[in-house]
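In: sequence and predicted structure below; questions after.
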There are 2 protein chains.
Amino acid sequence: MSVPHPSYKRLQKRSREISFLASCAGALSWDQETFMPPKALPYRAEQLAWLGGQAHRRFTAGTVGDLIAECEQAGFPPESDEAANIREWRRLYDRATKVPPHLVEKMERTCAHAREAWREARKQSRFKLFKPHLDKILSLNHQMADCWGYAESPYDALLDGYEPGATARALRQTFSELGAALGSILPAAVESSSAVPKDSLKGHYPMADQQAFNRKVAEAIGFDFGAGRIDPTTHPFCSRLDANDCRLTTRYDETDFTQSLYSVLHEAGHGLYELGLPQDLFGTPLGTAASLGIHESQSRLWENHVGRSAIFWEHWHPIACEHFPELKRFSPAQITAAVNRVAPSFIRVEADQVTYDLHILLRFEVELGLMEDKLKTKDVPAFWNERFEKLLGLKVTKDSDGCLQDIHWSMGSIGYFPTYTLGNINAAQLMHCALGENPAMDADLRRGEYESLRSWLREKIHRQGSRRLPGALMQAVTGELPSSRHQVDYLRKKF
Amino acid sequence: MSVPHPSYKRLQKRSREISFLASCAGALSWDQETFMPPKALPYRAEQLAWLGGQAHRRFTAGTVGDLIAECEQAGFPPESDEAANIREWRRLYDRATKVPPHLVEKMERTCAHAREAWREARKQSRFKLFKPHLDKILSLNHQMADCWGYAESPYDALLDGYEPGATARALRQTFSELGAALGSILPAAVESSSAVPKDSLKGHYPMADQQAFNRKVAEAIGFDFGAGRIDPTTHPFCSRLDANDCRLTTRYDETDFTQSLYSVLHEAGHGLYELGLPQDLFGTPLGTAASLGIHESQSRLWENHVGRSAIFWEHWHPIACEHFPELKRFSPAQITAAVNRVAPSFIRVEADQVTYDLHILLRFEVELGLMEDKLKTKDVPAFWNERFEKLLGLKVTKDSDGCLQDIHWSMGSIGYFPTYTLGNINAAQLMHCALGENPAMDADLRRGEYESLRSWLREKIHRQGSRRLPGALMQAVTGELPSSRHQVDYLRKKF
């Protein structure tokens, strides 16, 4: 390697310091969810706010802007690590500095109140209680979008925070194709699922047995317990504290082992990505995930394409029976059918693979309408309920089952939802490509051997970090931009 | 309260920021010992070094020295919180700044090597391998003592880091009285213990049952599990992450429940102190413990004076039997005798209550001899072995059972050992005083009610933080400076 550029070196050092702070915050947040005693909460909140402030100050300092500008002038080759890092530093710096601090603070304060109001509104199922807060959050998102700038839609400026390069225009196209296809798949999927009784697998599955089985599965797909662990929490998550330290969590329902199993597969998918990112670039943007839509593709791929396949249960059934003897009364095919049961329901997080994206498409329509001033907040419940019935065939009778069910808007997040569906689309596209490029992979998966799939993902996705924007990454790996057709093919074949 | 002094306010703010960093480091260290996956170690080490460096830089900045000087001129009343904090800031600032950074770094580097060498030397039981490292550590400790300054002995400058205000002269006097008394108690104690078989309580005590029983005991003495927890580690410790978050750890031997029980009582004693410190002063020196010798008094008091008393087992025996049915074959008196068995042995950490302080006295003699140039490092093993036989009647046949057994010197710590014995002395003195001042307390303890003792300690010791130097604190609470006579009385009565 050539002599490092002094400005680049200083940026690396600054970036590394920020990663120390971020990793502290990550560890403290993980601890807060897992083991922290309750009375520690107030200090922990202050401490996290202080760490966040320190990291923010270090990154948004004028000198950082100067260093980035100097690096941009330094003429690094466009395909170099340096150029990719500089591109991301610029993007992140602009996002962090273009919004004046008073607006950031106003958003934080607004969200603190909005979250409380949302909880109460959902409890009472009264949208009115949340509406004034949603108005404020929308107004602030509009102001922020104006600060960041956009070519076509203010929604694009928001999307860019979660899925760099994504646009409302492209999503509208992709999602409308997907929506039409899902609409045609749904009736047949529901029909074929009608033979599968609801909750057919319910039984008694002690937590310790679930933990032992989940661990075997996570190890089999390649999650390294020397660099990670799984602990119980209320809400499952994956948090990387450093290049060699990835903490997964899950929740356990002793009547239903599939909850923890599929959330472990999901989170371990995230974890494989995090632990597979380029280690030597840890602490620089290039060493981080490409986007939320790419991240979610990794979790969904292992959860659904691997974990909900018939061949998965053909391989794992005898092992699962060692841990859960009562599974012996089911055939692998019966378990597969049970974990793929399709039935429209009100709540997104409980939705099956076919209806899930319909939930997201609806949210996308609402967000886009609001941000493009085509939908008024007061009309959100009516719009939601009408569209929901059209898409899913169910009549929403209370807003807590409808537009009040998700926390996202109360946290100020507009533009986040589409990344869930992008994750599903990307997962299907990647899986299609992986199987196509590796003729032996299908046989591997049948034998419960996941190394060929994992190492393909590692090379194609994980090791790339954020070298490319997510769209360009998908293009480079699969030969096409994210397209709904592989997800549609996958679901059509399945149902 | 009057308008806060601006310099004092700035010091408070700086101190609070340092506490954020220290608390991060505390949480990361706790995580490292309890749950961290092994591959995370290298980054964690760097991160902790960075946090330590940040905290050090923030505290040793010239502006902090100026602020302290301004506060010293501000004329706070000598008994005020402010005056106590300023006194401690001055002491800590001087200790941190009088030693030039290159010396601190040299000590760190030296210790990193010394620790490795010590491990190897202990393994091979060859003092020679450790001697050159001990020479360097002594030389550096001499240089540091010169930087800090002292009136009589360079040892005083080292002691001040662990037990502010303690002097070699005073300790020599106290310890020689204690040594003589212990020498006279030992034969009778050994004699009376000879009827108690070694390991008489050995059995099978499942870890989960130990955890359940230990928790009951810790709760009974007042440890707040809403602000703390107990996790398993290789070496037991107590670490306060903030005013309302105290993490205890212990280790479990399934053949011997007394190990985890007494280490929980010990660590919970530390924990009661930490959680009892003045909460509103958290993040300032006044909100911290007075000294290691005071800290150790709190752990020893609960471990030995409470936990190894006959009345403890009269109360807890039936409850213990619920968890460990095999304890039914012992009477409370038999268990009490077993956990108080006295027999000289080589290893300090396994020593009983009578011989323990003899182990410390020997280390004090060695350290003092080395620091006052009356003992050469090459003569340490011979000196150790000769004195050991005189004090404890056993012939040391290998240095791994002798002068190589402890990690302390390899970590650069000279002057730390005496605080263990000061802890025992202070514990006996405080317990004597508590019982004297509270006629009902003995009956409370018999009933397994510990609130009167705990609240007395809370008021007299915990809530005082570091308002007074440890000697002055003992004087204020008990009417006399730390004196060995209560410890001697306690042991005489017991054996």
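Out: On my side now, so go ahead. These numbers come from a predicted model, not from an experiment.

In: spell out which parts of the stretch 101-250 of chain A neighbour chain B.
Out: Contact residues, the stretch 101-250 of chain A versus chain B (CB under 8 Å from any CB of the partner chain): A:224-229, A:231, A:241-245. Quick note: C-beta positions are derived from backbone N, CA and C, even for glycine.

In: just the buried residues from those, in ChimeraX please.
Out: Remark: buried members of those, expressed as a ChimeraX selection using 16 or more other CB atoms under 10 Å in any protein chain shown:
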select /A:224,227,228,229,241,242,243,244,245
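
In: could you work out the most separated pair of the residues of the stretch 101-250 of chain A next to chain B?
Out: A:231 and A:243 (19.9 Å; CB to CB).

In: just the residues of the stretch 101-250 of chain A next to chain B: which are in helices?
Out: The helices, defined by DSSP state H, take in nothing from those.

In: what strand or helix carries the closest residue to residue A:240 other than its chain neighbours?
Out: Closest residue to residue A:240 in three dimensions, ignoring its sequence neighbours and counting by CB to CB, 6 or more residues apart in numbering or on different chains: residue A:274, at 3.9 Å. Using DSSP states H and E, residue A:274 sits within helix A:257-276.

In: compute the number of surrounding residues for residue A:446.
Out: 14 (other CB atoms under 10 Å in any protein chain shown).

In: if I look at the nearest residue to it once chain neighbours are set aside, how far off is chain B?
Out: What sits nearest to residue A:446 in space, not counting adjacent residues and going by CB to CB, 6+ apart, is residue A:311, at 4.7 Å. Distance of residue A:311 to chain B, computed by CB to the nearest CB, to the nearest Å: 30 Å.

In: just say helix, strand or coil for residue A:311.
Out: Using DSSP: H, G, I helix; E, B strand; the rest coil, the structure places residue A:311 in helix.

In: I'd say it and residue A:443 touch.
Out: No: using CB atoms under 8 Å, residue A:311 makes no contact with residue A:443, being 9.6 Å away.

In: so the two - more neighbours on which side?
Out: More neighbours surround residue A:311 than the other of residue A:311 and residue A:443, with 16 against 12 (other CB under 10 Å).

In: now do the more buried one against residue A:406, distance only.
Out: 34 Å (CB to CB, to the nearest Å).

In: on that earlier part again, name the helices or strands packed onto the helix holding residue A:274?
Out: helix A:207-220, strand A:228-232, strand A:238-242, strand A:245-250, helix A:292-300, helix A:332-339, helix A:451-460 (3 or more CB pairs under 8 Å, 6 or more residues apart in numbering or on different chains; DSSP states H and E).

In: what strands line up against the fourth one, and which way round?
Out: Okay, so that is strand A:245-250. Using DSSP bridges, the strands paired with strand A:245-250 are strand A:228-232 (parallel), strand A:238-242 (antiparallel).

In: run through the residues that contact residue A:225.
Out: A:215, A:218-219, B:37 (CB atoms under 8 Å, 6 or more residues apart in numbering or on different chains).

In: and these, which are buried?
Out: Of those, these count as buried by 16+ other CB under 10 Å: A:218, B:37.

In: can you redo the contacts of residue A:225 as a markdown table with pLDDT and distance to residue B:108?
Out: Listed next are the contacts of residue A:225 as a markdown table, based on pLDDT from 0 to 100; distance: CB to CB, whole Å:
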| residue | pLDDT | distance to residue B:108 |
| --- | --- | --- |
| A:215 | 98 | 39 |
| A:218 | 98 | 39 |
| A:219 | 98 | 38 |
| B:37 | 97 | 26 |
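
In: for the contacts of residue A:225, which one is nearest residue A:339?
Out: residue A:218 (17.1 Å).

In: the closest one - nearest residue in space that isn't next to it in sequence?
Out: residue A:268 is the one closest to residue A:218 (CB to CB, 6+ apart), at 4.6 Å.

In: who touches that neighbour in this structure?
Out: Applying CB under 8 Å, 6+ apart, the residues near residue A:268 are A:218, A:221, A:223, A:238, A:248, A:302.

In: okay, the residue in the stretch 101-250 of chain A that chain B sits nearest to: pLDDT?
Out: Here the stretch 101-250 of chain A gets closest to chain B at one residue, residue A:245, 3.5 Å apart by CB to the nearest CB. Per-residue pLDDT puts residue A:245 at 97.

In: so where is chain A shaky, pLDDT-wise?
Out: Applying pLDDT under 70 to chain A flags residues A:1-3.

In: quick check, central residue of it?
Out: residue A:296 (4.1 Å; CA atoms, centre = their mean).

In: I'd say that residue and residue A:426 touch.
Out: Yes: with contact defined as CB under 8 Å, residue A:296 reaches residue A:426; the gap is 7.5 Å.

In: write out the residues of the stretch 251-400 of chain A neighbouring chain B.
Out: Counting by CB under 8 Å from any CB, the stretch 251-400 of chain A sits next to chain B at residue A:282.

In: skipping its backbone neighbours, what lies nearest the residue in the stretch 251-400 of chain A positioned nearest to chain B in space?
Out: Closest residue of the stretch 251-400 of chain A to chain B, CB to the nearest CB: residue A:282 (7.8 Å). Sequence neighbours aside, residue A:243 is the residue nearest to residue A:282 in space, at 4.0 Å (criterion: CB to CB, 6+ apart).

In: same thing with residue A:41?
Out: Nearest non-adjacent residue to residue A:41 (CB to CB, 6+ apart): residue A:32, at 7.5 Å.

In: same check, this time on residue A:255
Out: residue A:202 is the one closest to residue A:255 (CB to CB, 6+ apart), at 5.3 Å.

In: picking that back up, what is the nearest of the contacts of residue A:268 to residue A:70?
Out: Scanning the contacts of residue A:268 for proximity to residue A:70, where the rule is CB to CB, the winner is residue A:238, at 35.9 Å.

In: list the contacts for that closest one?
Out: Contacts of residue A:238 (CB under 8 Å, 6+ apart): A:246-249, A:267-268, A:270-271, A:274, A:299.
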